[in-house]
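Peer 1: here are the coordinates; sequence isn't available:
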């Protein structure tokens, strides 16, 4: 017995030393920088090591019974670490060394790794478990390859080339790196969202030594995408533990649940981009896993569930109504009634503390802690009533109940972007919802899983109702449904019939992932370098070496950002009209999202039908060039989302006036690059 105890202590010491070595090594490599494509991966590994250490340290602050939080430590620590990075950024602490110190403190937490109290379970071989492992590898490698090989703007047509990444998920961190502080911006309404993921993108990019996300061959961009991949994969691990706690035994359910999550195409698409959807789902999964872990005492469990759900809401505020009710219900389900009050209070306190940085920042900035929501209660901030109404109309669905039910199943022929599915039958869900429906029936039929399966199925139904009545009815906003759906699939795998059903479910979703990859417009190995989007490096050299006619051919083939960078001088100030994706522009840029006040729109309102006055207003702002995307203006106008002043007619009136001169007009795209007159009437050259 003594020798067994001695061997156990030596084994625990070895585990701690190995973990410390891994963490210190990855931290050292990420801090020093290897100057290779490995830098983003090493930096994210350092983040993972530090986050896990922070999770272990959090366990020390809880009662003795709750030190068994190690399986949940990576997500708990990620929530704490990311909130700390956000708070530091709000205070203007965005230096490389402060972040490295925070990482080092987290890595030191491995010294307190608890002793292993459970032996790894030995399970007999079965094909469902093997296929689940293969699917996990397939999904994980696809996520990682997509994030580390393809620059933002290249993959996934459903996301219009990662439009949201280029317009705010990455553009905001890029701006914060330049200003040295995480702050709101009146030209980008999305800066008023909580920004937990975006703050981490900025802070980790700072550690990489890059002055901007795009610098150093876009190292910061790949760091951001890789971070989202890691958080997504931690969500898969959380689902494993959730099913394991909900259904004790030696079945393949936990692995199948994790595999379904990772190979669902919507998770792969969003998880490989610098988005926040998959991260919100991952923290939601972590909250469910903790809620079902009966080894943790009631108040501590409530505290941890609140912490994780607070992180989910700080990633994407829709988690407040899409995810929090289910995790709260699971918490109460797994606790005795006498513990409900304490756990609920602890949950609310922790959740509020996690979203407090967002509430305080917005309150100080515009007087409305949840701006642009609840403007009728807290005020409009810096927006007009027209902007509030337009934003609200663009983020809700005004159709009838029948219309909502129809869009959940059938494609929308009225979408300005073209006929497409925007509900449960979107191709990137593939067979997920029919699989979950079948799993719910199987799990509810069995006495052992009936209570929790009924709760999860009811929660899933409420999610669908919330999606239909509280969102603008887009398929991506259904992503939180992956969590209770995947748990239901795991619960349905009891017995031979269930294992066969799980096997079939994984095959179906894996086939959906393969079809997604096959339908992608190009293989990952042919993904372009960042220079194609910025116009730097070999693109600039090829452009300068070409003849004038060849240059125009090159320009017509490049993205707008690269073309503008090549055709304007370094001191140019470019005003984007229609385009709201400034990430890759290497010039000083003035822009606004369609919801925000655009300087040209304000000028048109103040002096209708007077292009000279409009140009004078832009000139006062230092603008030298205009880039106009007429197709985007037309699309936004059809949607009813565009600033009414920025109509196609008004913009064409400006282009046809003598106040601007054409630098380049694209032959196959409705894009125009103009140069405005100087105050003396001459054109800049």
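Peer 2: On my side now, so go ahead. Remember, it's a predicted structure, so these values are computed and weren't measured experimentally.

Peer 1: please make it C-alpha for all contacts and neighbour counts, starting now.
Peer 2: Fine.

Peer 1: so where's the protein uncertain?
Peer 2: 1-38, 64-68, 115-125, 416-418, 521-527, 679-685 (pLDDT under 70).

Peer 1: all strands for it, in order.
Peer 2: Assigned by DSSP state E, the chain shows strands spanning 573-577, 588-590, 625-629, 660-665, 671-676.

Peer 1: the nearest residue to residue 185 once chain neighbours are set aside: neighbour count?
Peer 2: Spatially, and ignoring its direct neighbours in sequence, residue 185 is nearest to residue 191 (6.0 Å; CA to CA, 6 or more residues apart in numbering). Residue 191: 20 surrounding residues under other CA atoms under 10 Å.

Peer 1: tell me the contacts of residue 191?
Peer 2: Residue 191 makes contact with 168, 172, 183, 184, 185, according to CA atoms under 8 Å, 6 or more residues apart in numbering.

Peer 1: which one of the strands of the chain lies closest to residue 53?
Peer 2: strand 588-590 (40.7 Å; CA to CA).

Peer 1: quick one: strands adjacent to that closest one?
Peer 2: The pairing partners recorded for strand 588-590 under DSSP bridges are strand 573-577 (parallel).

Peer 1: also compute the angle for the partner strand relative to strand 625-629, please.
Peer 2: Angle, strand 573-577 to strand 625-629, by axes from the mean of the first three to the mean of the last three CA atoms, to 10 degrees: 20 degrees.

Peer 1: next one: strand 573-577 to chain centre, how far?
Peer 2: 27 Å (CA atoms, centre = their mean, to the nearest Å).

Peer 1: okay, buried residues for it please.
Peer 2: Residues 573, 574, 575, 576, 577 are the ones in strand 573-577 that count as buried (16 or more other CA atoms under 10 Å).

Peer 1: quick check: angle from that strand to strand 671-676?
Peer 2: Counting by the same axes, to 10 degrees, strand 573-577 lies at 140 degrees to strand 671-676.

Peer 1: which of the contacts of residue 191 sit farthest apart?
Peer 2: The widest separation within the contacts of residue 191 (CA to CA) is 13.0 Å, between 168 and 183.

Peer 1: neighbour count: these two, which is higher?
Peer 2: residue 168 (25 against 19).

Peer 1: quick check: the more buried one touching residue 185?
Peer 2: No: the pair residue 168 / residue 185 is not scored as a contact, 10.9 Å apart, by CA atoms under 8 Å.

Peer 1: any idea which of the buried residues of strand 573-577 is closest to residue 567?
Peer 2: Distance to residue 567 across those (CA to CA) is lowest for residue 574, with 11.2 Å.

Peer 1: you'd agree that closest one is up against residue 627?
Peer 2: Yes: between residue 574 and residue 627 there is a contact at 6.8 Å, judged by CA under 8 Å.

Peer 1: and residue 266, how far is that from residue 284?
Peer 2: 16 Å (CA to CA, to the nearest Å).

Peer 1: residue 62 too?
Peer 2: Distance of residue 62 to residue 284, computed by CA to CA: 21 Å.

Peer 1: so between those two, which is more surrounded?
Peer 2: For the pair residue 62 and residue 284, the greater number of neighbours falls to residue 284 (31 against 18), based on other CA under 10 Å.

Peer 1: which outside residues touch stretch 424-444?
Peer 2: Contacts for stretch 424-444 (CA under 8 Å, 6+ apart): 264-266, 408-410, 420-421, 449-451, 453-454, 457, 475, 478, 485-486, 488-489, 491-492, 498, 505, 508-509, 512, 516.

Peer 1: filter these down to just the ones in helices.
Peer 2: 265-266, 408-409, 450-451, 453-454, 457, 485-486, 488-489, 491, 498, 505, 508-509, 512, 516 (DSSP state H).

Peer 1: among those residues, which ones are buried?
Peer 2: Among the ones in helices among the contacts of stretch 424-444, those classed as buried by 16+ other CA under 10 Å are 265-266, 408, 450, 453-454, 457, 485-486, 488-489, 491, 498, 505, 508-509, 512, 516.

Peer 1: what's the spacing between residue 590 and residue 648?
Peer 2: Distance from residue 590 to residue 648, by CA to CA: 19 Å.

Peer 1: neighbour count for these two, which is higher?
Peer 2: Using other CA under 10 Å as the criterion, residue 590 and residue 648 rank with residue 590 on top: 20 against 17.

Peer 1: before we move on, back to that, the strands of the chain into TSV, with extra columns for distance to residue 642?
Peer 2: Below are these laid out as TSV (distance: least, CA to CA, whole Å):
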stretch	distance to residue 642
strand 573-577	11
strand 588-590	17
strand 625-629	13
strand 660-665	23
strand 671-676	18
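
Peer 1: and residue 40, which of those is closest to it?
Peer 2: Comparing the strands of the chain by CA to CA, strand 588-590 comes nearest, at 26.8 Å.

Peer 1: list of residues touching the closest one?
Peer 2: Residues contacting strand 588-590 (CA under 8 Å, 6+ apart): 571, 572, 573, 574, 575, 576, 582, 623.

Peer 1: got it, and stretch 165-180?
Peer 2: Contacts for stretch 165-180 (CA under 8 Å, 6+ apart): 89, 92-94, 152-153, 182-183, 188, 190-191, 198-199, 201-202, 206, 211-213, 221, 273-275, 580-583, 593.

Peer 1: what's around the residue nearest to residue 62 when sequence neighbours are not counted, how many residues?
Peer 2: Nearest residue to residue 62 in three dimensions, chain neighbours excluded: residue 300, at 6.6 Å (CA to CA, 6+ apart). Residue 300 sits with 21 neighbouring residues when counted by other CA under 10 Å.

Peer 1: list the contacts for residue 300?
Peer 2: Per CA under 8 Å, 6+ apart, neighbours of residue 300: 62, 63, 66, 343, 346.

Peer 1: what's the answer for residue 354, then?
Peer 2: 83, 307, 310, 311, 314.

Peer 1: next one: residue 670
Peer 2: 629, 630, 631.

Peer 1: what of residue 140?
Peer 2: 233, 262.
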